[in-house]
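S.K.: Model the following, please.
(2 chains, ligands or ions: 1)
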Amino acid sequence: MNRRVAVIGFAQSPCLSEAGTTSGVETLVPVLRDALAGAGLHRREVDFWCSGSSDYLAGRAFSFVNAVDAIGAFPPICESHVEMDAAWAFYEAYVKILAGEAETALVYGFGKSSAGRLRRVLALQLDPYATAPLWPDSVSIAALQARLALDAGILSERDMAEVAVRSRADAATNPYAQVAGETTAERLLAEPYLADPLRVHDCAPVGDGAAALVLAADDRARRQHERPAWITGAAHRIDPQTLGERDLTAVPSATAAAAAAELPADLDAAELHAPFTHQELLLRTALGLGDGVRINPSGGALCGNPMFSAGLNRIGAAATLVMSGQAGRVAAHATSGPALQQNLVCVLEAGR
Amino acid sequence: MDIAQAPPLSAPMDIAFDYTRSLGPVLGRFMTGLRDRRVYGGRTSDGRVHVPPLEYDPLTHAPVTDLVEVSPTGTVVSWSWMSRPLEGQPLDLPFGWALIRLDGADTALLHAVDAGDPGRMRTGMRVRIRWAAEPVGHIRDIACFEPGDTPFSASPAAAASTPVTTMTTPIRLHYRHTTSAEESRYLRALAEGRLLGQRCPVCRKVYVPPRVCPADGVPPDEEVAVADRGTVTTFCVVNVPFAGQRLDPPYVVAQVLLDGADIPLPHLIVGCPAEEVRMGMRVAAVWREPERWSTTPENIAHFAPAGEPDAPYESYADHL
Ligand SMILES: [Zn+2]
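M.R.: Okay, the predicted model is just below:
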């Protein structure tokens, strides 16, 4: 497998507490335009399109079909969709190019979390026999995971608050962030619990948004971009769906994905898709990231978590660090499912 | 209000369906057990007992066949506090969510604990199952857990009857559906008895209702009035009755290419026998009384034969 694939363009919408239509197609139009412009590619030069979204967010069947209008699907194009975060659509497109079935690809994700009640809608991704019929919400499930980590002495509520403080400070320079600003751990820890032991600052805001990423192979990538972000490793793994079946503090699928992606130790930065503060701390350990690795310079999902594109945003933010020359070797991570059940890791590098 | 400046229309939308699932040999026995107020775990090849049971052994990938009864009492492994319960959750007063390892099991089950106050919740607390009054073979036969170390006393379950093979879970979801600015202008024009198309700035096609152009990927920008009459491009005769049907079959659903539009609109054809509807037939909108108009395509009750000569095939051949 000698083919190499690079990210050559990325764009995202601002993450807003409420934005645009339920269909998402209007939100996507400018994002696709900007991503293609960044890659110097015309719409008709894209060999493969792949998207991630969820019908349950919009409350309508085949909602992704509507969004296909935004990519100009007539005359027919080569297109695919995953009912997951678009980071997994990225993986599909990456494999498609590696397999030689495409030279260029555009990956996009979109979601309108504000249309329904997100923490309740997400109950429907759980085991449908013994768990989903109880409607446990996503925040409560994350809280059960945080408690296990607290009880095990792996982290403290102050550690969690400090993640929020650093993320919000970093997000101050990110125009797409939904939450940003200076604060202190003392101030955050004085707030009441939202779902004991989680406070509001421990949880990503509910927001709407979209993102698009452009990929290309070999010489095509070199021609399109003076500094492509080469994908030197990518893998995803999955843990059992039933919450009681795994050690929720260890994130074994993230560790396995990092090993499969050959995640190097000498990273300049890592963009981690951690919608809860404790999850960032668990992921740092699971991925073996040392203190020298800058975590989430964008502010991360804690400052903007548009469902089904927030994972792709991490890859886009990491790739942007490389494409802009701010970093030479970075990692991106995306998650899906309850309590970090599914994890994707990729490594992006400058050069060649 | 100026139609062009008004904010997009939005409306509540409720979705409900009863998810009915067949259970298979393992989950069927688990749910049958719950109906009989017993909890069964599945033993895997490493000797571990999983509650809820796994259908396949993660080590050998063989079907799990060894089901063993575990205790209705257990220990809280982790918990959080739900101060404002959401619709559908086991209790409608503040409660604790907990991962609970039942005595005799090696894995933890997620459920609600009726503890009354978050101060009573703690890791390691002992809890017992509170059974639902009328078990049916569903995870909700466990009404919740409550603090305690001795089994909850419930009248013995009725003598075991037929095994449980399916379970039904009602799903109720609530959304606020929001249209695009372009769709809103179209719907507001409908409330005034007008059909409004919008033109793609690139290929100049007129879309009714408006949409991002599927050929060019750009939103339409120019408003174009279109006629409330047009040509049937294709149609089907509905002969099958189904839930929620508004007309008695047989009736005709057709694609109507309005004069001035480049995309056909689906609607009903009424006013002639179904067998007389044909491709190329000219039809006209039959509007409801204006006092009933609102921002909905239902302002047009149906289309009826216009009494004009049929349109030539070439006039609609590109719209099939
Ligand atoms: Zn067009």
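
S.K.: So which residues of the stretch 101-250 of chain A form strands?
M.R.: A:104-112, A:193-195, A:198-199, A:208-217, A:229-238 (DSSP state E, counting those that start in this stretch).

S.K.: do the stretch 1-150 of chain B as well
M.R.: B:10-22, B:39-43, B:49-50, B:67-70, B:73-82, B:95-102, B:109-113, B:126-131, B:142-147.

S.K.: what's next to the shortest one, contact-wise?
M.R.: Going back to what we said before, that points to strand B:49-50. Here strand B:49-50 makes contact (C-beta atoms under 8 Å, 6 or more residues apart in numbering or on different chains) with A:245, B:41-44, B:64, B:68, B:70, B:104-107. (Each C-beta comes from the backbone N, C-alpha and C, glycine too.)

S.K.: Return the closest of the residues you listed with respect to B:A181.
M.R.: Relative to B:A181, the closest of these is A:E245; by C-beta to C-beta it sits at 47.0 Å.

S.K.: If we ignore the residues flanking it in sequence, what's nearest the closest one?
M.R.: Distances taken as C-beta to C-beta, 6 or more residues apart in numbering or on different chains place B:T107 nearest to A:E245, at 5.6 Å, with adjacent residues excluded.

S.K.: OK, contacts around the one you found?
M.R.: By C-beta under 8 Å, 6+ apart, the residues touching B:T107 are A:242, A:244-245, B:48-51, B:101.

S.K.: Now tabulate the residues you listed in JSON lines and tack on distance to the ion and pLDDT.
M.R.: Shown next, in JSON lines, are those (distance: C-beta to the ion, whole Å; pLDDT from 0 to 100):
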{"residue": "A:T242", "distance to the ion": "48", "pLDDT": "92"}
{"residue": "A:G244", "distance to the ion": "53", "pLDDT": "95"}
{"residue": "A:E245", "distance to the ion": "51", "pLDDT": "95"}
{"residue": "B:R48", "distance to the ion": "60", "pLDDT": "98"}
{"residue": "B:V49", "distance to the ion": "62", "pLDDT": "98"}
{"residue": "B:H50", "distance to the ion": "56", "pLDDT": "98"}
{"residue": "B:V51", "distance to the ion": "57", "pLDDT": "98"}
{"residue": "B:R101", "distance to the ion": "60", "pLDDT": "98"}
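
S.K.: pretty sure A:R33 belongs to a helix, no?
M.R.: Yes: with DSSP: H, G, I helix; E, B strand; the rest coil as the criterion, A:R33 is located in a helix.

S.K.: how close does it get to chain B?
M.R.: 8 Å (C-beta to the nearest C-beta, to the nearest Å).

S.K.: Now do the contacts for that residue.
M.R.: Counting by C-beta under 8 Å, 6+ apart, A:R33 touches A:A11.

S.K.: Could you verify that A:A37 is part of a helix?
M.R.: Yes: looking at A:A37 with three-state DSSP, it is inside a helix.

S.K.: can you count the residues close to it?
M.R.: A:A37 has 13 neighbours, counted by other C-beta atoms under 10 Å in any protein chain shown.

S.K.: Let me know the distance separating it from the ion.
M.R.: Distance check for A:A37 against the ion: by C-beta to the ion, to the nearest Å, it reads 19 Å.
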